[in-house]
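>>> Dropping the sequence and predicted coords here.
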Amino acid sequence: MINIVVPVDFGDKTEQLIEGAVKFAKQLNGKIFLIHVAPSDIGFAIGDMGFQYFPEVEENEIRNELVQLNKIEQQIISQDIDCEHLLKQGIAKDIILEYAGSKNADYIVMGSHGRSGIYDVFVGSLTKGITKDSSIPVLVLPIHD
């Protein structure tokens, strides 16, 4: 079986990314490993009193993201594709590459925006970083309106 890591950010193009990843997984008899990396600073705010940390904000955000991740996983499974997921906080590029290695991934599937001709904007800084540093092939799907 082919192992495919698919990082998701729950943006407005996530559905298109998932559709492409599912199609790819079906062609290769693959299993999808979803990953969402939440920033480490979710519960921090800057106000009149400087930096403040609100753990309840972080807990609620993580809980909501986990619900979204579970929904995507169930959507993939309903299409007869094996799937599992991970939600972790930290630096996205490092965590995604570490996760892909731990799952013996054959591919990482990511999306590109196609907003302009500038490489960083077109591909996205995370996609660019993954593509640059990964020893695993990265399939970049065009995600357009």
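It's in.

>>> And for the strand or helix carrying residue 73, what's in contact with it?
Assigned by DSSP states H and E, residue 73 falls within helix 55-77. Residues from elsewhere that reach helix 55-77 (CB atoms under 8 Å, 6 or more residues apart in numbering): 8, 10, 14, 18, 21-22, 25, 32, 34, 36, 38, 42-43, 45, 83-85, 87, 89. Heads up, the C-betas are built off the backbone N, CA and C, glycines and all.

>>> how does it look with 7 Å?
8, 10, 18, 22, 32, 34, 36, 38, 42-43, 83, 85, 87 (CB atoms under 7 Å, 6 or more residues apart in numbering).

>>> what's the answer for stretch 6-25, then?
Contacts for stretch 6-25 (CB under 7 Å, 6+ apart): 4, 30, 32-36, 65, 68, 72, 75-76, 79, 81, 96, 109-111, 139, 141, 143.

>>> Residue 126 in helix, strand or coil?
Here residue 126 is helix, with the state taken from DSSP: H, G, I helix; E, B strand; the rest coil.

>>> and residue 17, which of the three is it?
helix.

>>> let's have the chain start at 444 instead
Will do, 444 is the new start, and the previous item becomes residue 460.

>>> Out of the contacts of stretch 449-468, list just those in strands.
447, 473, 475-479, 552-554, 582, 584 (DSSP state E).

>>> Can you tell me which one of these carries the smallest pLDDT value?
Taking the ones in strands among the contacts of stretch 449-468 together, the minimum pLDDT is found at residue 554 (87).

>>> Is there a neighbour count for that residue? I'd like the number.
26 (other CB atoms under 10 Å).

>>> any idea how far the residue nearest to it when sequence neighbours are not counted lies from residue 482?
In this structure, residue 554 finds its nearest non-sequential neighbour in residue 586, 3.9 Å apart by CB to CB, 6 or more residues apart in numbering. In this view, residue 586 and residue 482 are 21 Å apart by CB to CB, to the nearest Å.

>>> what does residue 452 give?
11 Å.

>>> Any stretches of this structure with poor pLDDT?
The model of the chain has pLDDT under 70 over residues 484-501, 556-567, 588.

>>> related to what we said a few turns ago, looking at it, the residue nearest to residue 554 is touching residue 552, isn't it?
No. Contact between residue 586 and residue 552 fails when scored by CB atoms under 7 Å: they sit 11.1 Å apart.
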